[in-house]
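Peer 1: here is a sequence with its predicted model. Questions after.
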Amino acid sequence: MPMRSLKQLMNKQMREVNIMPNHIHHLYHPTIIDKSIRSNKPKVDSTEDFKQILAKQQSIKLSKHAKERMVERNIHLTNKQWNTLSDKLKEAKQKGIRESVVILKGAALLVNAENQTVITAMNHEEASDKIFTNINGAILLNN
């Protein structure tokens, strides 16, 4: 008798186990990904993307204040001056300079060398007889 009741108990448990997956099945439907289907996205050269990102990071930025001051004071830099300034800011950053004054023929710029950002700009009349504080470097550009 005990054997029969054990067999009945096992049969009952098996029926419950067989019923249980049906309940779970209705609730859970995993997504099946077919790896044979190709994506329509164009292949991107990761090294070129990195170069583009790096170039954007290395270009000189103008703060909103600096843009306004350059327009107000009619300060214009040529592409050659911007390129030279960019090179000099990279050198300054390598030497540990954080804030710098850049002296040009017609203007003076206060720049953050770490972020390569022009903070403000002034013409020579405004820059004469001024004391620049919190500056730990100077860049003189003759072009």
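Peer 2: Received the coordinates, thanks.
Peer 1: which strand or helix spans A92?
Peer 2: Secondary structure here is read from DSSP states H and E; on that basis A92 sits in helix 79-94.
Peer 1: against which helices or strands is that helix packed?
Peer 2: strand 99-103, strand 107-112, strand 138-140 (3 or more Cβ pairs under 8 Å, 6 or more residues apart in numbering; DSSP states H and E). For every residue, glycine as well, the C-beta is placed using N, CA and C.
Peer 1: which one of those strands lies closest to K64?
Peer 2: Each of the helices and strands packed on helix 79-94 has some distance to K64 by Cβ to Cβ; the shortest is strand 107-112, at 14.0 Å.
Peer 1: residue ranges with poor pLDDT in this structure?
Peer 2: With pLDDT under 70 as the threshold, the chain has low-confidence stretches at 1-4, 9-10, 12-58, 143.
Peer 1: could you check the angle strand 107-112 makes with the helix holding A92?
Peer 2: For helix 79-94 and strand 107-112, the angle between their directions (axes from the mean of the first three to the mean of the last three Cα atoms, to 10 degrees) works out to 40 degrees.
Peer 1: coming back round to it: okay if I get the helices and strands packed on helix 79-94 as a markdown table plus distance to F132 and mean neighbour count?
Peer 2: Converted to a markdown table, the helices and strands packed on helix 79-94 look like this (distance: least, Cβ to Cβ, whole Å; neighbours: other Cβ atoms under 10 Å):
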| stretch | distance to F132 | mean neighbour count |
| --- | --- | --- |
| strand 99-103 | 5 | 19 |
| strand 107-112 | 7 | 23 |
| strand 138-140 | 9 | 14 |
